[in-house]
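Trainee: Test case, fold it:
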Amino acid sequence: MPLIGAIISSMPVPRSTDLLTPDHPVRPYPADHRLRMSPWARLAVFALVFIGVAILIISAITASTSDFSVPDWSKPVAELVGALVAYGVVTMYTEARIPPFELAPRRALGLVKGLVLGLVLAGVCVGILAATGTYTITGVNSSYSPWSDLFVIGVVAGVAEEIMFRGVVFRLLEEGVGTWGAVIVSAVLFGVLHLSNPDGTWWGAASIAVEAGILFAAVYAVTRSLWWCVGLHFAWNVAEGPIFGSAVSGSGHVNSWLVSSWSGPEILTGGSFGLEASIVPVVLLGALGIALLVLAQRKGAMVAPMWTRRRVLTHGQADPRRDPAM
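Mentor: The predicted structure follows:
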């Protein structure tokens, strides 16, 4: 499949010096930097900066209103700006990576590739449901204005959530428990996050953990590119919501260009949670994510747990062929 080939075409492999991939700062650190460079310390820095910036933005917007109310749009703006600023502080100041490999401007073409992948995957899932009679287009809503949805479920979800879950949670966990462990933990946390949505359910959370948590982490693990992940996340959300007319992640909101009808058992339709709770994307996207991880494992692109890396490096067993710089 050409898209899979595009994902794995430039798969970075761990360095021989520390057995970590290019999106991680180089170990070992100077003795006076070890606490500062601890994954837990970097996670704390991200959380503190993110919360601080978000509070400042919401407070400033609230103070500018005549009745000191909090506009609905202020929270997504605060989330987006807070995530960007906090990630910049962690990667460019704490880790001294300028620019961070996973967001290097020269790799921005990954954004387009991720967009294409997301649209294709959404189209395949909806196509299967249409073939079974579960999904039917009944009309077109020409008066639909997409800009608010494109910003909230597209830009904010795509950028802020990918920074938080792949750029921070996954990447920092990986330094300790390795790629496989980071995939599992970050996927579970990503699913649980969606329980707080208006129509959130345990099945919906489990579905997102498999189809998005595993797949998005796998795409990141293979490409080491947040550009890919942002594009994929943005395109998937926009395709299922504003284009095909499904609720997005149990948001309780459905508005789209295509007016659609969903009929059949909830295991196919996804019920009020939306397309993501359908068994079709759970199986297809989950299988794709696992396949990518297995490919990465076979090509030696996975990061081993900390205890394994220490044992290999201590006994001088690192393979210089794994370091593309050598």
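
Trainee: drop to CA atoms for contacts and neighbour counts, all remaining ones
Mentor: Fine.

Trainee: Let me know the average pLDDT across stretch 74-92.
Mentor: Averaged across stretch 74-92, pLDDT comes to 97.

Trainee: Any chance you could list what contacts it?
Mentor: 42, 45-47, 49-55, 57-58, 61, 97-100, 152, 156, 159-160, 163-164, 167-168 (CA atoms under 8 Å, 6 or more residues apart in numbering).

Trainee: residue ranges of the strands in the protein, please?
Mentor: For the chain, applying DSSP state E gives strands covering 135-140, 258-262.

Trainee: Show the buried residues in the contacts of stretch 74-92.
Mentor: Neighbour counting with 16 or more other CA atoms under 10 Å marks 42, 45-47, 49-50, 53-55, 57-58, 61, 97, 100, 152, 156, 159-160, 163-164, 167-168 as buried within the contacts of stretch 74-92.

Trainee: Do you have the helices of this protein handy? List them.
Mentor: Secondary structure of the chain (DSSP state H): helices at 2-8, 39-64, 74-88, 109-131, 147-149, 162, 171-193, 202-208, 215-223, 226-238, 266-269, 279-298, 306-314.

Trainee: Using CSV, lay out those helices together with distance to V140.
Mentor: Listed next are these as CSV, based on distance: least, CA to CA, whole Å:
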stretch, distance to V140
helix 2-8, 30
helix 39-64, 36
helix 74-88, 28
helix 109-131, 17
helix 147-149, 17
helix 162, 31
helix 171-193, 32
helix 202-208, 28
helix 215-223, 31
helix 226-238, 16
helix 266-269, 20
helix 279-298, 24
helix 306-314, 53
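
Trainee: what's the least confident stretch among those helices?
Mentor: helix 2-8 (a mean of 68).

Trainee: ok, back up a step: out of the helices of the chain, flag the one nearest P28.
Mentor: Closest to P28 of the helices of the chain is helix 306-314 (CA to CA; 10.9 Å).

Trainee: Can you give me the distance of the residue most central in space within the chain to S261?
Mentor: Closest residue to the average C-alpha location of the chain: E162 at 3.5 Å, with CA atoms, centre = their mean. To S261, E162 is 31 Å away according to CA to CA, to the nearest Å.

Trainee: and what of W73?
Mentor: W73 is 29 Å from S261, by CA to CA.

Trainee: Check A47 too.
Mentor: 41 Å.

Trainee: Repeat that for L150.
Mentor: L150 is 22 Å from S261, by CA to CA.

Trainee: try L275
Mentor: For L275, the distance to S261 - CA to CA - is 12 Å.

Trainee: Who has more neighbours out of these two?
Mentor: L275 (32 against 16; other CA atoms under 10 Å).

Trainee: got the contact list for the more buried one?
Mentor: E240, S246, A247, V248, S249, T269, P281.

Trainee: H194: which of those is nearest?
Mentor: Within the set of those, S249 lies nearest H194; the separation is 6.7 Å, counting by CA to CA.

Trainee: hang on, that closest one packs against G274?
Mentor: Yes. Counting by CA atoms under 8 Å, S249 touches G274, with 6.2 Å between them.

Trainee: Neighbour count for the two, which is higher?
Mentor: S249 (30 against 27).

Trainee: if I pick the more buried one, what's in contact with it?
Mentor: Per CA under 8 Å, 6+ apart, neighbours of S249: H194, N197, D199, G200, G204, I208, F273, G274, L275, E276.

Trainee: Next, give me the two most distant ones among these.
Mentor: N197 and L275, at 14.7 Å, using CA to CA across the contacts of S249.

Trainee: separation between the residue lying closest to L293 once chain neighbours are set aside and S9?
Mentor: Excluding the flanking residues, the one nearest L293 by CA to CA, 6 or more residues apart in numbering is A218, at 5.7 Å. Relative to S9, A218 is positioned 14 Å away (CA to CA).

Trainee: Which one of the two is surrounded by more residues?
Mentor: A218 (26 against 11).

Trainee: surely that one meets I290?
Mentor: Yes. A218 is within contact range of I290, at 7.3 Å (criterion: CA under 8 Å).

Trainee: Please tell me how far the nearest residue to W227 once chain neighbours are set aside sits from V159.
Mentor: In space, W227 comes closest to L111 once its chain neighbours are excluded; the distance is 4.5 Å by CA to CA, 6+ apart. L111 is 11 Å from V159, where distance means CA to CA.

Trainee: Now the common contact residues for these two.
Mentor: Common neighbours of L111 and V159 (CA under 8 Å, 6+ apart) are V230.

Trainee: Buried deepest among the strands of the chain, which one?
Mentor: strand 258-262 (a mean of 19; mean count of other CA atoms under 10 Å).

Trainee: ok, and what's touching that strand?
Mentor: 134-141, 242-245, 269.

Trainee: now with 10 Å?
Mentor: Identification of contacts with strand 258-262 by CA atoms under 10 Å, 6 or more residues apart in numbering yields 129-130, 133-142, 144, 241-246, 268-271, 274-275.

Trainee: List the neighbouring strands of that strand plus their orientation.
Mentor: Note on strand 258-262: by DSSP bridges, its sheet partners are strand 135-140 (antiparallel).
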